[in-house]
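J.: model the structure of this input:
(one chain, ligands or ions: 1)
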Amino acid sequence: MNQNTNAMPPRFPITRDEINAVVKKFYQRVRKDPVIGPVFIDSLTLSPEIWNPHEAKIADFWANAILFERSYNGNPMMVHKGVMAIKPEMFETWLDLFAEVLHETLKPETAEAWELLARRIGRGLRMGVETRSYDPSQPPVFS
Ligand code: HEM
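T.: The predicted structure follows:
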């Protein structure tokens, strides 16, 4: 009998090692990007004591989103709305860089499936960032 009847099947086939490899490569590249690199470096510094747990958290986020691993239970919307240095137009850069790494690292159908998911999540986060100045629970933004 299948013991896993309650488990959600993955959105698409991928291993946890592949997820970890993509996240590592992506953040190496992100830090070098002239537009979004400084946002990460200012928020997270360059210290491995801060970066390593951040990368582990992001890999957990994706393992949760793709494999339904229940390894992450944070609130990315709140986090991105709260970092004022994150601007709506930065999402395109983030997503294009992410797609670049996906297509370099994974087989085409896996890269394509993950890219679609990232762009869908990114659209929601971007919308949150765009409307944060209208959220009465957030401090007003005057820029
Ligand atoms: C404009 C593009 C983006 C920038 C500049 C950005 C920047 C950041 C920064 C600086 C943090 C750390 C915040 C902190 O801990 O103080 C963070 C956390 C995070 N980001 Fe982004 N991000 C961007 C887009 C995205 C997208 C598109 C996704 C997912 C598809 C994503 C997923 C996450 C997650 C899961 C966290 C961890 C949230 C938590 O602490 O629980 N980010 N991001």
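
J.: close to the ligand: what parts of the protein are there?
T.: Counting by CB under 6 Å from any ligand atom, the positions of the chain adjacent to the ligand are 36, 39-40, 43-44, 57-58, 61, 74, 76, 79-80, 83, 86, 90-91, 94-95, 118, 121-122, 125. Just so you know, the C-beta spots here come from the backbone N, C-alpha and C atoms, and that holds for glycine as well.

J.: and these, which are buried?
T.: 36, 39-40, 58, 61, 80, 86, 90-91, 94-95, 118, 121-122, 125 (16 or more other CB atoms under 10 Å).

J.: closest one of those residues to Glu109?
T.: Of all these, Ala118 has the smallest distance to Glu109: 15.1 Å, by CB to CB.

J.: what about the nearest residue to Phe12 once chain neighbours are set aside, which helix or strand?
T.: Leaving aside its chain neighbours, Phe12 sits nearest to Ala113 (4.0 Å; criterion: CB to CB, 6 or more residues apart in numbering). Taking DSSP states H and E as the criterion, Ala113 maps to helix 108-130.

J.: got it, and Arg29?
T.: Assigned by DSSP H and E, Arg29 belongs to helix 16-32.

J.: that helix: what's the following helix or strand?
T.: helix 37-44.
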